[in-house]
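# here's a sequence, model it:
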Amino acid sequence: MLAETICSAVSAAGLGIAAITAYRRRFLAATRIAAYSLVPVGLVLTGAVQWVVDTAFSPSAWLGFGLLGVAWLLFMTTRAVERRSSGTRRERKAAAAAQRSAAESGASAPAVGSAQRPQPKATAADDFSDIEAILKKHGI
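Predicted structure coming up:
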């Protein structure tokens, strides 16, 4: 009963503001204000306000909202963990099957004559030679 009274008062105040706005010849704004002010009364007449009031003061409804929140949190956590892992479930299964087939065929052992020699690592002087050339070019 109290919620309906409050919604009616808000709507009446909004319609009063819309009338003042229309008096000032701002008809578009007045129409918009009138539309917003009719929403609370419409919600009361449809029963949405009573549903909200009943839900807000119901412990079982809050328990239900809590459980929905926990379910959503668990779902999002599993999605985040799945994204951090390498690929999808199908990709992981395919990679595991490829490793097993490679191990069974003996392809994992490298051939004796095909060993590549490691490339010598670049020294610090080689790394900075490009920078020095750029600085000299600009006279620094």
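# hang on, Q50 packs against A3?
Yes: counting by Cβ atoms under 8 Å, A3 is a contact partner of Q50 at 7.5 Å. Glycine gets a C-beta too; all of them are placed from N, C-alpha and C.
# joint contacts of the two?
Shared contacts of Q50 and A3, defined by Cβ atoms under 8 Å, 6 or more residues apart in numbering, comprise V44.
# what comes up buried for the lengthiest helix in the chain?
Looking across the chain with DSSP state H, the single longest helix is helix 59-84. For helix 59-84, a neighbour-count test (16 or more other Cβ atoms under 10 Å) marks nothing as buried.
# by contact count, what packs against the following helix or strand past it?
For helix 59-84, the following helix or strand on the C-terminal side (DSSP states H and E) is helix 89-105. Judged by 3 or more Cβ pairs under 8 Å, 6 or more residues apart in numbering; DSSP states H and E, helix 89-105 is in contact with no other helix or strand.
# and helix 89-105, how far out from the chain's middle?
Distance, stretch centre to chain centre, for helix 89-105: 33 Å (Cα atoms, centre = their mean, to the nearest Å).
# repeat for stretch 17-31
Chain-centre distance of stretch 17-31: 40 Å, with Cα atoms, centre = their mean.
# which residues of the chain score low on pLDDT?
Scanning the chain for pLDDT under 70 picks out the ranges 86-88, 106-126.
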